[in-house]
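[1] what's the 3D shape of this:
(2 chains)
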There are 2 protein chains.
Amino acid sequence: MIERLAVIGVGLIGGSVALALREAGMVKEVVGCGRSLENLQKAQSLGIIDHFTHEVSIAVQGADMVLLAVPLGAMRATLQALHGHLSKGAVVTDAGSVKGSVIDDVKAVFAGMPDFFVPGHPIAGTEQSGAEAAFSSLYQNRRVILTPMPETADEAVRRVKQMWCQCGAEVTRMTVAHHDEILAATSHLPHMLAFSLVDSLARLKENDEIFRYAAGGFRDFTRIASSNPVMWRDICLANQQALSAMLTRFADELHLLAATLEKGDGEGLLTIFERAKKARDRYIDGVQ
Amino acid sequence: MIERLAVIGVGLIGGSVALALREAGMVKEVVGCGRSLENLQKAQSLGIIDHFTHEVSIAVQGADMVLLAVPLGAMRATLQALHGHLSKGAVVTDAGSVKGSVIDDVKAVFAGMPDFFVPGHPIAGTEQSGAEAAFSSLYQNRRVILTPMPETADEAVRRVKQMWCQCGAEVTRMTVAHHDEILAATSHLPHMLAFSLVDSLARLKENDEIFRYAAGGFRDFTRIASSNPVMWRDICLANQQALSAMLTRFADELHLLAATLEKGDGEGLLTIFERAKKARDRYIDGVQ
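    Numbering: from 1, shown residues only, chains lettered A, B, ... in the order given. Below you'll find the model as predicted:
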């Protein structure tokens, strides 16, 4: 049972944790913290948080669990604001999509890795944002990856794992570098492609007409291009190394694919398409 | 009213036309034609077609409307099979995703463009295929593009347009080259990207793990990679010129994006992401 949960950043991610824990009866009190008064009032009226403050230093006072659900670009300033204000025995975790950059921020602010910080990342979300987008079942049967460091206390990991399990998630552990590579492949690269494709078409002269003739496949394919641009800028910059390597490799593959097409190599195309369909169908079977 | 409709290729596309026309009471008799006995029997038992044959030459006899809903790679052989067997006054149209290649096939088989052939393309579909996937509302509020040639008779265009309107679609006209460019951008390129991304990840050593950590965004983004590989090989080859130009340009853009990321240019990333989100949100508003 969490006595007092401080949710820093009451959006889709943070708000849904609060709702899920409330529904499970696993949290007594939730303090919300953020910059937008409107969003915090909304969160309070929706029963996501009990009360709120704009001050991180106040929000974390007396909290036994602190969840940092702010954009990656705001992580360091948030850590600076809570430094020195945590209660004894408090555990701090985050929900950032890149783990290397969060750990860099933590180390910089605390002059080393404190034992109470558990880096985490729930693999869940929609293209929506804000407290209004939060819902209690967001983490049901979703995976949460924790990337504890050698300095992290086992007890802190246990409590964060328990929190996510109570939200309905399945918790796994991996190294920071491995997490950041896997997420570059399955999430960050697809977002870059979707943003880039839509932007590329939008810049064509006849763009209105082009979008008018786009069908359902295009809508699904580009859904993630409706995600929050600031959040994704932060994620891309935070995972710069793994992502730019992945992006360059993929661009090279597209050049090869264009060459395959140009020489009319139907067998070559079919091999790629069949391998892809097989992998996707297997993957879909695997997760449903 | 269509007296006898011959549907050559009774899959998602052809089967859904038959179902929609039946539901609207706008067709008296539907003859199905295809290679798979199992699929044709299924189509008959589902009430999509009245009877069937494996012979194109027999299927088109007595038909006043012939719909070619076969993969692009089978178009020329299908045209050869029906040549000389059409009834007087019959109109022939197709549902191919590329129009230039179909017109080449028609010209090659008929030694010129006949006045009864109306090249067409319904912008609709799912990643499913076969008669079982057909449903009568597939074309409701979808667009159908006709690309009539100077030789095409106005009366033939009128009858094909009427058929699609009776299926619930909105019919527009454009030139062949324009159609093939727009479809390269909004459909063929996204399919290439989805196939290529999934294949690229599937070839990584740790591919099982990668797919395990993919979230909903990845599922949507890659849905079209579950499409029929043979059909898409044919489409890519048929639209080789427009598509390979588009693919090369996009690969170049990805290299630029990787460079933007490598130099940590957050402003540059944000500009792209914001422009994309704006375009996608506007487009979604526009079609909903």
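[2] any idea how far A:Gly125 is from A:Gly15?
    Applying Cβ to Cβ, to the nearest Å, the value for A:Gly15 to A:Gly125 is 12 Å. To be clear about C-beta, it is placed using only N, CA and C from the backbone, and glycine gets the same treatment.
[3] where are the low-confidence patches of the stretch 101-250 of chain A?
    In the prediction, the stretch 101-250 of chain A carries no residues with pLDDT under 70.
[4] let's see 90
    Along the stretch 101-250 of chain A, the parts satisfying pLDDT under 90 run over A:124-129, A:203-224, A:227.
[5] tell me who's in contact with A:Met163.
    By Cβ atoms under 8 Å, 6 or more residues apart in numbering or on different chains, the residues touching A:Met163 are A:Ile2, A:Val17, A:Leu21, A:Met26, A:Met65, A:Thr93.
[6] and it, how far is that from A:Ala194?
    From A:Met163 to A:Ala194 the distance is 31 Å (Cβ to Cβ).
[7] skip the chain neighbours and tell me the closest residue to A:Leu138.
    Spatial nearest neighbour of A:Leu138, excluding adjacent residues (Cβ to Cβ, 6 or more residues apart in numbering or on different chains): A:Ser16 at 3.9 Å.
[8] just confirm that neighbour is within a helix.
    Yes - under DSSP: H, G, I helix; E, B strand; the rest coil, A:Ser16 sits within a helix.
[9] and it, how many residues sit next to it?
    27 (other Cβ atoms under 10 Å in any protein chain shown).
[10] near chain B, which residues of the stretch 51-200 of chain A show up?
    Applying Cβ under 8 Å from any Cβ of the partner chain, one finds that the stretch 51-200 of chain A approaches chain B through A:123-127, A:142-143, A:145, A:182-183, A:185-187, A:189-200.
[11] just those: which are in strands?
    Among these, the ones falling in strands (DSSP state E) are A:Arg143, A:Ile145.
[12] where along chain A do the helices fall?
    A:12-23, A:37-45, A:56-59, A:75-82, A:99-110, A:154-166, A:176-183, A:189-202, A:207-212, A:216-222, A:229-238, A:240-262, A:266-287 (DSSP state H).
[13] which one of these lies closest to B:Ala177?
    Closest approach to B:Ala177 among those (Cβ to Cβ): helix A:207-212, 13.7 Å.
[14] is the closest one up against chain B anywhere?
    Yes - using Cβ under 8 Å from any Cβ, we find that helix A:207-212 touches chain B at A:Asn207, A:Glu209, A:Ile210, A:Phe211, A:Arg212.
[15] pull out the buried residues from those residues.
    A:Asn207, A:Ile210, A:Phe211, A:Arg212 (16 or more other Cβ atoms under 10 Å in any protein chain shown).
[16] so who does the most centrally placed residue in chain A touch?
    Closest to where the C-alpha atoms of chain A average out (Cα atoms, centre = their mean) is A:Ser97, at 3.9 Å. The contact partners of A:Ser97, by Cβ under 8 Å, 6+ apart, come to A:Leu72, A:His121, A:Leu183, A:Ser187, A:His188, A:Ile235, A:Ala238, A:Asn239.
[17] quick one: buried residues of stretch A:184-204?
    For stretch A:184-204, burial by neighbour count (16+ other Cβ under 10 Å) applies to A:184-202.
[18] just the buried positions in stretch A:168-182, please.
    Residues A:Gly168, A:Ala169, A:Val171, A:Met174, A:Val176, A:His179, A:Asp180, A:Glu181, A:Ile182 are the ones in stretch A:168-182 that count as buried (16+ other Cβ under 10 Å).
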